[in-house]
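>>> make a model of this:
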Amino acid sequence: MPPQQPIPPHLTGRPFRLAEALDAGLSVTMLRGQRFRQLRQGVYAEAAIADDLETRVDAARLVLPDSAVLSHATAAQLRGLPVPGTQLLHVTLPPDVERTRAAGVCCHQREVRTESYKGRLVSVPTDNFLELAETLSLVDLVVLGDDMVRRGLVTATGLREEVAATQRRRCVRLARRAAGLVRPGVDSPQETRARLLILLAGLPEPEPNFVVHDAAGGWIGPVDLAYPALRIAIEYHGDVHRRKRGRWRSDIAKAELLREIGWTVVLTASDLDDRPERTLNRVRGALVDAGHPTVPAEFDRAWRNHLMPRWAADRMEWARADRAS
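Presented below is the predicted three-dimensional model:
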């Protein structure tokens, strides 16, 4: 049996056009063999190439205009930001460039500011936030903004100011409201959703990741959410806390230390996932016991309007995020 023709090095590890393969001496018959696979019409790659977002993006770019910018959910996914998953690729073209029809690709047209990320042209974070205001809910948009701030892509103040200055754009009012709710110091989507649950229910907004010290200035640690003046801590303990013994023991020790120095600790995990109103009742009870002067007798129903429609799907996303952390 004759030896197989080697794959030219410049075609390995990336998608390539049919014309490139033919120019390099490969035949259509070879491309249809087991060593290759077709990613889309006229685009191939080695069979062993990863079947991931970056590969799909690179394959699509071979059939799109050079001016195409990765945008919307695709830009966010490429950056690893928490947005609902989708297989549809989003790109934005300048207004003077004709839209291209490509399977699995949604083309938008708008002037967009760009930057390079992993060697690919993407919309800048603030524009990406505004793009996603067209499809995301208020809560999902705040989750996105909090994570952008956590990763250092934007600052909370900068995002708020840029969005406030934006005119004549779809869903800009939603974007402005969401940007106004973005906070620094948030570590996970779960913490954002817990904070918004409390806030949208009409309770005072807690401070994210407040670092607690004892009376002598000794470091006890950060708490997910806090009312520092009332010495109330709210901690979200997801599955990862229970699976990792060291982390679980650390969480228990921190809660004990907080209680020893006079803090009230509200723990939430399954309640937040399954019975969010139970979490709200615990937080409200702690506020009443601490003497907060303006605790509402009834919860504002806004939290249901914004959180309940996606709660079941969010639980699955939270569990995946917990397992990955």
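>>> how long is stretch 221-234 from one end to the other?
One end of stretch 221-234 to the other measures 13 Å (C-alpha to C-alpha, to the nearest Å).
>>> start at 331, not 1
Okay, using 331 as the starting number, the last item reads as stretch 551-564.
>>> for that stretch, buried residues please.
552, 553, 554, 555, 556, 557, 560, 561, 562, 563, 564 (16 or more other C-beta atoms under 10 Å). Where you see a C-beta, it was placed from the backbone N, CA and C, and this is true even at glycine.
>>> ok, now stretch 347-361?
Those would be 348, 350, 351, 356, 361, for stretch 347-361 by 16+ other C-beta under 10 Å.
>>> so of these, which ones are in helices?
348, 350, 351, 361 (DSSP state H).
>>> next, give me the two most distant ones among those residues.
By the measure C-beta to C-beta, 350 and 361 form the most distant pair in these, at 10.9 Å.
>>> low-confidence ranges in the stretch 431-580 of the chain?
Applying pLDDT under 70 to the stretch 431-580 of the chain flags residues 568-579.
>>> for the residue nearest to residue 501 when sequence neighbours are not counted, grab phi and psi.
Nearest non-adjacent residue to residue 501, counting by C-beta to C-beta, 6 or more residues apart in numbering: residue 463, 4.2 Å away. Dihedral pair for residue 463: phi -60, psi -20, per degrees, to the nearest 10.
>>> quick one: contacts for residue 463?
Residue 463 is in contact with 471, 500, 501, 502, 504, 505, 508, counting by C-beta atoms under 8 Å, 6 or more residues apart in numbering.
>>> do residue 361 as well
Applying C-beta under 8 Å, 6+ apart, the residues contacting residue 361 are 348, 351, 368, 374.
>>> check for me that the third one belongs to a strand.
It stands for residue 368. Yes. Using DSSP: H, G, I helix; E, B strand; the rest coil, the assignment for residue 368 is a strand.
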